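Asker: What follows is a predicted structure for the sequence shown.
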Amino acid sequence: MSGAKLKESLVLIFNMGRIEIMTKASWGENWIKICTLLEIGIPLRPPQSVTGGLLHHMWRIDTKSGIFAVKVLNPEIMSRPDAKRNYRLSERIAQVAYSNGIHAVPVKMIGNEPWVEVDGKYIMVFDWVYGYTLLPEQCTFEHWSRNSDGTSNKKRFQAVIEAYLNNGGTLSGRVLDALYGSFGGMLGWLEYNMRRSLDKDVFTMEERELGHKEVLHTIRDLKKLNEAVSDYFQWIEDVS
């Protein structure tokens with residue numbers, strides 16, 4: 001086989017953090033199995049890796065039935081005791097939101113489950129949605145409550161709280177406790193990325209580098225949040 005023919009017959013596939021060179025026959029066998037279980041048809045071309053995610057791996061799959069986003073869930077996350085229950089609950093919420101006119105993107109259910117399990121990996125499928133990135137100057141209170149530098153904008157912040165109240169939400173008398181409680185998610189993300197940046201037995205070099213970057217990013221965000229808590233409390237008090 002000539003060098004050109006060999007080059008044409010190779011497809012680069014990023015598979016759960018590992019870069020693998022596979023022949024078309026090889027990727028075909030793997031993805032035909034997955035797509036058959038997902039009930040979306042046979043791939044028309046090699047799946048395309050979708051970049052930008054910080055936790056899971058996403059692929060674009062083109063079949064005769066349409067275009068789909070296939071998400072391979074992070075195996076370390078899915079090994080946690082409550083992970084499956086939490087994902088099932090979140091997808092039920094997304095289904096209810098979508099059925100009530102909210103622009104959520106619900107998973108395509110496979111029987112009673114939001115995924116299929118293939119070789120120990122949990123894989124979900126969604127209809128492909130075309131989108132684009134908003135530049136910071138294009139974002140308004142309808143999109144996001146923060147400025148491009150990560151600080152919060154009072155008008156935008158209060159618009160979110162007002163919309164929440166106008167749609168049936170309520171504020172408890174423990175607003176400050178709730179604000180400090182919001183640190184929990186960020187601290188959990190920090191803890192995960194500290195482990196991800198150090199554990200070479202579980203994570204690839206690329207994932208460890210991403211973990212290191214996220215540690216630094218999350219520490220900066222925690223500092224900003226800590227500095228802003230008193231402002232957030234007063235802004236909420238002014239609205240309520």
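Answerer: Great, that's in hand. Residues are numbered from 1 along each chain as shown.

Asker: thinking Phe203 is in contact with Arg196, fair?
Answerer: Yes. Using CB atoms under 8 Å, Phe203 makes contact with Arg196 at a distance of 5.2 Å. C-beta: built from backbone N, CA, C; applies to glycine.

Asker: Give me the common contacts of the two.
Answerer: Any residue near both Phe203 and Arg196 by CB atoms under 8 Å, 6 or more residues apart in numbering counts here, and that gives Gly211.

Asker: What's the separation between the residue lying closest to Gln48 once chain neighbours are set aside and Gly111?
Answerer: Nearest non-adjacent residue to Gln48, counting by CB to CB, 6 or more residues apart in numbering: Arg60, 4.4 Å away. Separation of Arg60 from Gly111 (CB to CB, to the nearest Å): 24 Å.

Asker: Backbone dihedrals for the residue nearest in space to the middle of the chain, both of them.
Answerer: Nearest residue to the geometric centre of the chain (CA atoms, centre = their mean): Gly53, 5.8 Å. Backbone torsions for Gly53, taken as degrees, to the nearest 10, come to phi -80, psi 150.

Asker: just the helices in the chain please.
Answerer: Applying DSSP state H to the chain gives helices spanning 3-9, 24-38, 75-78, 83-99, 154-166, 175-181, 183-198, 205-239.

Asker: could I get the ones you listed as CSV with mean pLDDT and distance to Thr140?
Answerer: Shown next, in CSV, are these (pLDDT from 0 to 100; distance: least, CB to CB, whole Å):
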stretch, mean pLDDT, distance to Thr140
helix 3-9, 42, 47
helix 24-38, 76, 37
helix 75-78, 90, 33
helix 83-99, 95, 22
helix 154-166, 90, 8
helix 175-181, 92, 24
helix 183-198, 93, 25
helix 205-239, 92, 17
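
Asker: Near Val72, how many other residues are there?
Answerer: 20 (other CB atoms under 10 Å).

Asker: pLDDT score assigned to Val11?
Answerer: For Val11, the pLDDT comes out at 39.

Asker: okay, now the domains of this protein?
Answerer: Annotated domains of the chain cover 3-127, 136-239 [automatic domain parsing].

Asker: chain center to the shortest one, what's the gap?
Answerer: Right, the one you point to is domain 136-239. Averaging C-alpha positions (CA atoms, centre = their mean, to the nearest Å) puts domain 136-239 15 Å from its chain's average.

Asker: Can you list the buried residues in stretch 156-163?
Answerer: Buried residues in stretch 156-163, counted by 16 or more other CB atoms under 10 Å: Arg156, Phe157, Gln158, Ala159, Ile161.

Asker: show me what contacts the third one?
Answerer: Taking CB under 8 Å, 6+ apart as the criterion, Gln158 is in contact with Trp235, Asp238, Val239.

Asker: how about 10 Å then?
Answerer: Gln158 makes contacts with Phe141, Ser145, Ser152, Trp235, Ile236, Asp238, Val239, as judged by CB atoms under 10 Å, 6 or more residues apart in numbering.

Asker: closest to Val96 among the residues you listed?
Answerer: Ser145 (24.2 Å; CB to CB).

Asker: my guess is that closest one meets Glu162, correct?
Answerer: No. The pair Ser145 / Glu162 is not scored as a contact, 11.4 Å apart, by CB atoms under 10 Å.
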